[in-house]
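In: All I have is the shape, not the residue letters:
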């Protein structure tokens with residue numbers, strides 16, 4: 001099957017490209033606040049934090065079995081009640097509305113086994129970089145858009161596809177493992 005914005009082990013193929021735009025929204029009502037010793041507590045946030053985001057994902061095949069993908073998110077994060085006890089105790093800047101570019105992700109993925117072993121199973125390996133410098137200025141806020149860090153990772157993905165028989169179409173399923181290293185920051 002074709003790759004859809006980098007999902008699974010499948011790659012776009014040489015010269016093929018895809019662009020996807022998505023929207024997301026979430027509301028956080030509780031924060032798990034931890035100290036450096038592992039202790040802490042769960043606190044309710046005054047009427048919650050609301051996040052609205054738009055995300056563009058572009059994938060381009062640079063060889064038959066190799067692709068590059070970039071994810072570019074934009075977020076608007078706000079505390080729903082800045083005059084509440086939590087925001088007041090943390091100071092107003094901690095709950096200041098934040099908007100802008102979130103953590104950018106760049107991935108390279110290559111297929112190492114394609115339609116392997118009887119039923120078509122595909123396996124890919126890849127490298128990933130997450131660039132969070134755009135979010136570092138607001139990292140200390142509860143309304144942050146990301147960690148403000150630079151991460152490097154490796155991942156493996158294995159998937160299978162199959163026909164839906166006489167009804168037409170096909171199905172896909174995959175599993176992926178990822179490990180990241182975060183550069184130290186202050």
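Out: Sure, I can see it. Predicted, not measured: the structure shown is a model, and the values here were computed from it.
In: Tell me the spacing between residue 34 and residue 42.
Out: Noted for residue 34: a distance of 10 Å to residue 42, by C-beta to C-beta, to the nearest Å. C-beta here means a position set from N, CA and C on the backbone, and glycine is covered the same way.
In: what residues does the helix or strand of the chain with the lowest mean pLDDT touch?
Out: Considering only helices and strands, the least confidently modelled element of the chain by mean pLDDT, DSSP states H and E is helix 85-90, at a mean of 79. For helix 85-90, contacts defined as C-beta atoms under 8 Å, 6 or more residues apart in numbering pick out 43, 44, 45, 46, 79, 81, 94, 95, 142.
In: ok, now stretch 132-147?
Out: The set of residues that contact stretch 132-147 without belonging to it, under C-beta under 8 Å, 6+ apart, is 31, 45, 49, 73, 75, 77-79, 86-87, 90, 93-104, 148-151, 182, 185.
In: Go again with 7 Å.
Out: When contacts are defined by C-beta atoms under 7 Å, 6 or more residues apart in numbering, stretch 132-147 is touched by residues 31, 45, 49, 75, 77-79, 90, 93-98, 100-103, 148-150.
In: Please tabulate the contacts of helix 85-90 in TSV, including the columns secondary structure and neighbour count.
Out: Below are the contacts of helix 85-90 laid out as TSV (DSSP: H, G, I helix; E, B strand; the rest coil; neighbours: other C-beta atoms under 10 Å):
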residue	secondary structure	neighbour count
43	strand	13
44	strand	12
45	strand	20
46	strand	18
79	strand	26
81	coil	16
94	helix	18
95	helix	25
142	coil	19
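In: wait, which of those is closest to residue 68?
Out: Nearest to residue 68 among the contacts of helix 85-90, counting by C-beta to C-beta, is residue 142 at 34.2 Å.
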